[in-house]
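> What follows is a predicted structure for the sequence shown.
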Amino acid sequence: MSPVSAAVRRRRAVLLASTFIIPAAFLVSKAARAQQAAPAQLPPIEVTEPDDQNRTRAKATGDSDTTRRRAAPNVAPSNAPGGTGPGSSATGNETVASSGGIVGAATTVITAADIAHSPLQSLAEIIAAQTPGAQITTLYGGPVAAKTTVDLRGFGAFASANTLVLINGRRLNDIDMAQVDLSTIPLNSIERIEITRGNSGAVLYGDNAVGGVINIVTKNGVGGPPVTARVEAGFGSFNTRLGNVSTSMSSGPWSTSFYGNAIKTDGYRDNNRYFQENAVGNLNYSTPGLSAFLTVTGDNQELRLPGGRTVDPSLGLNELSTDRSGTSTPFNYANQQGYSATAGFTKTLVNGVDLIVDGGVRNKKQQSAFFSSPTPVPGLYSSTYVDADLTTWSITPRLSVKSLMFGLPSQLLTGIDYYDAGYQQNRGAGQGLAPWHNYDLRQQTVAGYFQHTLGVAPATDVSYGARVQNVSLSARDNFDPTAPFNTDIGALPLNSNETQYALHLGLEHRLNDVFTLFGRGARAFRTPDVDERVSSGPSFDADFNPVPQTFQLKTQTSQDVEGGLRIKAGGLQMQSSLYLMDLTNEIHFSPVLFYNVNLDPTRRYGSETSLSYRVNDSLLLRSGMAVTRAIFREGIWAGNDVPLVSRYMANVGLTWNIWQNYVVLDATARFWSERRMDNDQAGTQKPIPANGTIDLQLSGQYERYFWSLSVNNVLNALYYDYAVASTFTDGRFAAYPLPGRTYLLKAGATF
């Protein structure tokens with residue numbers, strides 16, 4: 001890369017940063033003057049709580065005084081470190097009456113108590129069961145549900161690239177296509193999950209926030225007891241064994257916490273063994289004017305890949321019926337190791353003005369092997385081995401300014417995001433053999449953003465914001481034509497530089513103490529990830545002669561509008577909204593052409609409703625329903641459904657504290673309609689059938705001891721939620737069957 005282009009890029013970054021910092025400096029001076037004039041008066045509007053500055057950019061829904069959940073008087077809180085245990089307050093996922101997060105957006109919060117009481121064992125399933133419109137796609141199921149994708153607002157096969165996942169407000173989505181595996185996050189480390197649906201999170205968090213944002217806020221031990229500990233062990237179906245441990249210590253301004261878990265299972269299907277270890281450690285320093293933190297994580301995952309079960313009526317073949325749990329790929333696997341370290345501080349500059357700086361490094365290594373033959377022997381067209389290494393550095397300084405603007409309460413959040421990612425991938429016929437391709441990609445992202453919330457009236461809040469983001473990519477393929485079993489050709493190099501933007505405008509108006517109206521409009525974008533570029537084409541010409549790949553794809557953009565109503569009346573809480581989203585250049589893999597393409601324009605629209613009702617201190621009822629339409633609005637498939645998106649989804653559940661925490665019953669039922677198979681854009685194949693599951697959990701606590709027994713898929717439904725249709729044979733498809741009834745027994749103690 002030339003020195004001139006590097007200098008231009010540096011100047012662009014400086015100009016971009018100053019665009020957002022200069023207005024902030026103006027508001028800092030106004031805040032300082034307001035402090036001198038009225039030191040005891042601060043605006044009531046908040047974007048983050050004081051102890052949350054390093055953990056989330058949008059204030060947690062339900063954390064304000066007017067919307068804080070009420071603990072049942074007859075339910076004692078657990079003394080588990082930093083959070084709740086199975087016998088803690090059974091509040092459930094009650095819909096809040098005021099968003100408290102991004103103004104105008106549809107939001108959901110899932111608390112640590114909700115997670116502890118859920119009969120579901122995987123984080124992805126818990127999110128889907130308590131978030132209207134959230135759909136999951138899992139290939140393996142079971143107590144872990146590794147590699148399960150959460151789909152917000154109907155993106156099907158590319159849901160993971162359109163749903164942004166954060167830990168404490170910092171992005172987990174990498175520049176490769178490997179989805180964020182929620183199973184690598186210890187459930188006992190989570191304080192709450194904040195889910196913002198639609199485009200509005202793109203201003204604060206950037207790329208990938210098209211369908212929505214899932215922000216996982218972890219416990220940190222701040223303000224807790226001097227020393228606490230929690231241990232738990234369990235076993236269940238498919239020879240599943242697990243262990244969880246957590247501990248925290250607090251002394252003066254210092255606190256530390258550790259959360260770890262390990263799980264091992266044979267899995268439902270042949271060649272479906274799974275082993276995983278996860279750990280999260282925190283060190284925190286907290287005083288009124290200064291707080292700092294250090295968070296370190298690590299994970300190790302080993303997963304065997306059983307592949308799909310083939311159905312072909314023309315051959316009289318139906319492996320779903322004859323050998324549902326079998327495998328046609330007995331030697332395929334995918335392993336992953338990762339670590340991260342993040343540090344930062346929050347410094348109060350003047351009353352109402354906080355400087356927040358954090359940065360870190362995240363590394364992920366992956367190894368996977370695929371054999372199309374029944375033996376693990378490298379061969380021509382029959383095997384692929386991939387070894388990838390991705391390292392991402394980041395620094396994200398920002399300012400939070402609370403002041404009065406024209407006499408109105410004002411909150412401004414503005415900052416700069418810088419990410420520098422380096423990706424290397426070796427792809428060849430087998431481990432130990434010279435690779436065909438050695439891909440080397442480097443991506444740098446610089447963004448400036450602001451989001452301003454203004455209380456224009458006592459009952460009305462307005463929020464507006466913008467982000468400008470520059471992405472610079474350099475991609476090379478160090479191709480080796482002499483590598484064993486090589487039939488490919490190298491990709492052409494690419495140097496690209498692109499600037500995109502995101503917008504948000506939101507409004508909330510409280511009609512009275514019961515009813516709140518909200519609405520918003522937003523624009524978001526998604527930059528192609530490196531795997532999509534590696535697999536972009538064309539790979540073959542019209543005569544099926546190989547041609548070089550190009551790494552080139554257009555950036556996907558989306559615009560959406562949404563409006564809704566929140567209700568809070570006694571024990572009743574409801575949130576309902578309607579939305580419309582139009583997308584251009586949506587990215588999809590074409591199995592006919594064997595490379596990624598930009599689709600014709602698509603559209604999402606629908607409705608989402610969540611409802612909860614606290615009958616009394618011991619019984620909470622909840623439900624949710626969504627209608628999701630994802631269609632092509634132009635091109636040869638105009639009017640057809642986007643594959644892998646169910647039109648209708650619903651869930652109902654209850655939490656019943658039967659006997660003073662000694663016995664608590666939790667039940668969840670989920671239902672979904674049929675969906676088109678992957679690769680069936682034409683809508684000619686038989687769809688994936690509609691189905692549903694019922695999950696139950698009994699749990700209890702006696703003094704420091706607790707236990708739970710979960711039975712999932714109680715009615716033993718034999719279903720699958722992912723299948724891919726054949727490109728060349730009508731009626732032929734491969735499905736990934738999921739387990740029937742399973743159980744998991746856990747017990748533990750707190751100290």
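Okay, I see it.
> any idea how far residue 153 is from the residue at minimal distance from the centre of the chain?
Here the mean C-alpha position of the chain is nearest to the C-alpha of residue 165 (CA atoms, centre = their mean), at a distance of 3.2 Å. Distance check for residue 165 against residue 153: by CB to CB, to the nearest Å, it reads 15 Å. Quick note: C-beta positions are derived from backbone N, CA and C, even for glycine.
> Also residue 582?
According to CB to CB, residue 582 stands 12 Å off from residue 153.
> who has more neighbours, these two?
Per other CB atoms under 10 Å, whichever of residue 582 and residue 153 has more neighbours is residue 153, with 28 against 15.
> is it true that the more buried one touches residue 199?
No. The pair residue 153 / residue 199 is not scored as a contact, 9.4 Å apart, by CB atoms under 8 Å.
> Now do the strands in the stretch 351-500 of the chain.
Counting by DSSP state E, counting those that start in this stretch, the stretch 351-500 of the chain has strands at residues 353-371, 383-395, 398-405, 408-428, 437-457, 460-477, 494-510.
> So in that sheet, which strands flank the third one, and in what orientation?
Spelled out, that is strand 398-405. According to DSSP bridges, strand 398-405 has the following sheet partners: strand 353-371 (antiparallel), strand 408-428 (antiparallel).
> Not counting sequence-adjacent ones, nearest residue to residue 708?
Spatial nearest neighbour of residue 708, excluding adjacent residues (CB to CB, 6 or more residues apart in numbering): residue 699 at 3.8 Å.
> Residue 662 is in contact with the one you found, correct?
No. Contact criterion CB under 8 Å: residue 699 and residue 662 do not qualify, at 9.8 Å.
> Counting neighbours, go ahead and name the busier of the two.
Between residue 699 and residue 662, residue 699 has the larger neighbour count (other CB under 10 Å), namely 23 against 12.
> For the more buried one, give its distance to residue 377.
Note on residue 699: its distance to residue 377, by CB to CB, is 49 Å.
> Now do stretch 424-441: distance from first to last residue.
6 Å (CA to CA, to the nearest Å).
> For it, list every residue counted as buried.
425-430, 433, 435-439, 441 (16 or more other CB atoms under 10 Å).
> Could you work out the most separated pair of these?
430 and 441 (23.3 Å; CB to CB).
> Confirm residue 531 sits in a helix?
Yes. Secondary structure of residue 531 (DSSP: H, G, I helix; E, B strand; the rest coil): part of a helix.
> Next, count neighbours for it.
Residues contacting residue 531 under the criterion other CB under 10 Å number 21.
> re the thing from before, adding mean pLDDT and distance to residue 112, write the strands paired with strand 398-405 out as CSV.
Output for those, formatted as CSV (pLDDT from 0 to 100; distance: least, CB to CB, whole Å):
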stretch, mean pLDDT, distance to residue 112
strand 353-371, 95, 23
strand 408-428, 94, 26
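> so what's in contact with residue 153 and residue 199 at the same time?
Shared contacts of residue 153 and residue 199 (CB atoms under 8 Å, 6 or more residues apart in numbering): residue 581.
> could you give the mean pLDDT of stretch 241-260?
In this model, stretch 241-260 has an average pLDDT of 94.
> my read: residue 286 touches residue 255, true?
Yes. When contacts are counted by CB under 8 Å, residue 286 is listed as touching residue 255 (7.2 Å).
> Find the residues that touch each one of those two.
Both residue 286 and residue 255 are in contact with residue 222, where contact means CB under 8 Å, 6+ apart.
> where are the low-confidence patches of the chain?
Applying pLDDT under 70 to the chain flags the ranges 1-56, 58-100, 177-179, 534-544, 551, 590-594.
> residue boundaries of the helices in it?
Using DSSP state H, the helices of the chain run over residues 3-37, 112-117, 123-130, 159-162, 202-205, 319-322, 530-534.
> To residue 138, which of the strands paired with strand 398-405 lies closest?
The minimum distance between residue 138 and these falls on strand 353-371, with 18.2 Å, by CB to CB.
> buried residues in that closest one?
So, applying 16+ other CB under 10 Å, buried residues of strand 353-371: 353-358, 360, 362-364, 366-371.
> ok, of those, which one's closest to residue 243?
Using CB to CB, residue 364 is the member of the buried residues of strand 353-371 that sits closest to residue 243, with 24.1 Å.
> tell me the contacts of the closest one?
174, 178, 336-338, 388-391.
> Residue 257 too?
Contacts here follow CB under 8 Å, 6+ apart; on that basis residue 257 touches 81-82, 219-221, 246-249, 281-282.
> again, only using 6 Å
Listed by CB atoms under 6 Å, 6 or more residues apart in numbering, the contact set of residue 257 reads 82, 220-221, 248, 282.
> swap in residue 666?
For residue 666, the contact set (CB under 6 Å, 6+ apart) comprises 117, 119, 655, 697.
> Would you mind measuring from the third one to residue 113?
What that stands for is residue 655. With distances taken as CB to CB, residue 655 is found 9 Å from residue 113.
> Repeat that for the last one.
If you measure residue 697 against residue 113 using CB to CB, the figure is 13 Å.
> ok, how many other residues are close to the residue lying closest to residue 641 once chain neighbours are set aside?
Leaving aside its chain neighbours, residue 641 sits nearest to residue 676 (5.2 Å; criterion: CB to CB, 6+ apart). The tally of other residues near residue 676 (other CB under 10 Å) stands at 25.
> likewise residue 521?
If you count neighbours by other CB under 10 Å, residue 521 ends up with 19.
> Bridged to it, which residues?
Beta-bridge partners recorded for residue 521 (DSSP bridges): residue 505, residue 561.
> Do I have it right that it meets residue 559?
No. Applying CB atoms under 6 Å as the test, residue 521 and residue 559 come out as separate, 7.6 Å apart.
> about what we covered before: list the contacts of the residue nearest to residue 641.
Contacts of residue 676 (CB under 6 Å, 6+ apart): 641, 643, 687.
> Could you measure from it over to residue 470?
Taking CB to CB as the measure, residue 676 falls 37 Å from residue 470.
> on that earlier part again, from the contacts of residue 257, which single one is nearest residue 720?
Nearest to residue 720 among the contacts of residue 257, with distances taken as CB to CB, is residue 82, at 37.8 Å.
> just to revisit the earlier point, so which of residue 286 and residue 255 has more stuff around it?
Neighbour count, other CB under 10 Å: between residue 286 and residue 255, residue 255 has more, with 22 against 19.
> For the more buried one, give me its contacts.
Residues in contact with residue 255, defined by CB under 6 Å, 6+ apart, are 221-222, 284.
> let's go with 10 Å and repeat that
82, 220-224, 226, 248-249, 282-286, 293 (CB atoms under 10 Å, 6 or more residues apart in numbering).
> Same check on residue 301?
144, 146-147, 181, 183-184, 274-278, 334-338, 366.
> Buried among those? Make that a PyMOL selection.
In PyMOL syntax, the buried subset of the contacts of residue 301 is picked out as below (16+ other CB under 10 Å):
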select buried, resi 144+146+147+181+183+184+274+276+277+278+334+336+338+366
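> Sitting in strands, which of the contacts of residue 301 do you find?
Per DSSP state E, strands hold the following members of these: 274-278, 334-338, 366.
> out of those residues, which one sits closest to residue 671?
Nearest to residue 671, judged by CB to CB, of those is residue 274 at 27.4 Å.
> so how far is residue 732 from the closest one?
Residue 274 is 29 Å from residue 732, where distance means CB to CB.
> go on, residue 478?
For residue 478 relative to residue 732 (CB to CB), the value is 38 Å.
> who has more neighbours, the two?
residue 732 (17 against 12).
> So the more buried one sits against residue 319, correct?
No. Residue 732 lies out of contact with residue 319 (CB atoms under 10 Å); the separation is 11.6 Å.
> and for those two, which residues touch both?
Common contact partners of residue 732 and residue 319 (CB under 10 Å, 6+ apart): 310-312.
> In the stretch 551-700 of the chain, what residue spans correspond to strands?
556-569, 572-584, 587-590, 595-598, 602-616, 619-632, 648-659, 663-672, 691-702.
> of these, which approaches residue 484 most closely?
Comparing the strands of the stretch 551-700 of the chain by CB to CB, strand 595-598 comes nearest, at 23.9 Å.
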